[in-house]
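Peer 1: fold the following, please.
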Amino acid sequence: MSIGNDLYVDPEASINVESKGYGINQFPIAGSLQCHGGVGYGGTVTYGSITAPTNCGAGGPANAGGGAVILSVAHATTLHGNINAMGQNIYSGSHSTGAGGSIYLRTGTLMGAGTIKADGGHSSYHMTGGGGRVALVLTAPASTFASHTGQVTAYAGTSPTSLGNGAAAGTVYLREYGQAEDQGVLIVDDNLWYRPRTTLL
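Peer 2: Next comes the predicted model:
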């Protein structure tokens, strides 16, 4: 969707494509079951763009992956609600979840405290989906990410048995005005105490 002026997401509102990606046991390329930006429990192959993601997340044996949110906003985005492209969660039985999808937002400025998440689906068991991909690009001169205080994540899905999970985080890419495509910040963070946050670029 292209928006010619401003985008405002109310605190009670959301842009939500959770579980709207590839369906049960569906995936785009061989080896990518439960994968996208990070590998899932059942797969070994990642796919999609770090800097301009548009792919949906792969499904798992019992649940769907996350869909894709692709937005171009000419001026300001004020996010008090959330943008959600998570894989489908499951909290009963030993079922496998899908991978996170994509969130690709190009906007003049980004403000607010709303969350932006393309996490893998969470499970009551250990077979969770890999993280998806998020790319946020600011296009207005002098704009920075300091005016947005909400979480931006592409975590692997979690479960009570995370130590044996095998799923991995996806990618979060942040690019401010005036930066070339290879000059942004790339974050891979799986939100586990024994694997600290790492900034790669």
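Peer 1: tell me which residues touch Ala135, please.
Peer 2: By CB atoms under 8 Å, 6 or more residues apart in numbering, the contact list for Ala135 reads 49-53, 103-105, 172-173, 175. In short, each C-beta sits where N, CA and C put it, glycine included.
Peer 1: now do the SS call for it.
Peer 2: strand (DSSP: H, G, I helix; E, B strand; the rest coil).
Peer 1: and the gap between it and Gln88?
Peer 2: Distance, Ala135 to Gln88, by CB to CB, to the nearest Å: 22 Å.
Peer 1: now, of the contacts of Ala135, which are buried?
Peer 2: 50, 52-53, 103-105, 172-173, 175 (16 or more other CB atoms under 10 Å).
Peer 1: closest one of those residues to Ala142?
Peer 2: Closest approach to Ala142 among the buried ones among the contacts of Ala135 (CB to CB): Arg175, at 14.5 Å.
Peer 1: how about that closest one: what's its closest non-neighbour residue?
Peer 2: If you skip the residues right next to it in sequence, Arg175 has Gly184 as its closest partner in space, 3.5 Å away by CB to CB, 6 or more residues apart in numbering.
Peer 1: and the one you found, what does it touch?
Peer 2: 51, 137, 173-176, 201.
Peer 1: what's the farthest-apart pair in these?
Peer 2: Largest pairwise distance in these, by CB to CB, is 14.3 Å, between Val137 and Leu201.
Peer 1: who has more neighbours, these two?
Peer 2: Val137 (20 against 11; other CB atoms under 10 Å).
Peer 1: still on that earlier bit, okay if I get the buried ones among the contacts of Ala135 as JSON lines plus distance to Gly65?
Peer 2: Converted to JSON lines, the buried ones among the contacts of Ala135 look like this (distance: CB to CB, whole Å):
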{"residue": "Ile50", "distance to Gly65": "18"}
{"residue": "Ala52", "distance to Gly65": "19"}
{"residue": "Pro53", "distance to Gly65": "13"}
{"residue": "Ile103", "distance to Gly65": "13"}
{"residue": "Tyr104", "distance to Gly65": "16"}
{"residue": "Leu105", "distance to Gly65": "19"}
{"residue": "Val172", "distance to Gly65": "18"}
{"residue": "Tyr173", "distance to Gly65": "19"}
{"residue": "Arg175", "distance to Gly65": "25"}
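Peer 1: in the sheet, who's paired with Ser2?
Peer 2: Ser72 (DSSP bridges).
Peer 1: and Gln183, helix, strand or coil?
Peer 2: coil.
Peer 1: start at 32 instead
Peer 2: Renumbered: residue one is now 32, and that last one reads Gln214.
Peer 1: isn't it right next to Arg206, touching?
Peer 2: Yes: contact criterion CB atoms under 8 Å: Gln214 and Arg206 qualify, at 7.4 Å.
Peer 1: follow-up on the earlier one: out of the buried ones among the contacts of Ala166, who's nearest Tyr186?
Peer 2: Using CB to CB, the buried ones among the contacts of Ala166 come closest to Tyr186 at Val203, 9.7 Å.
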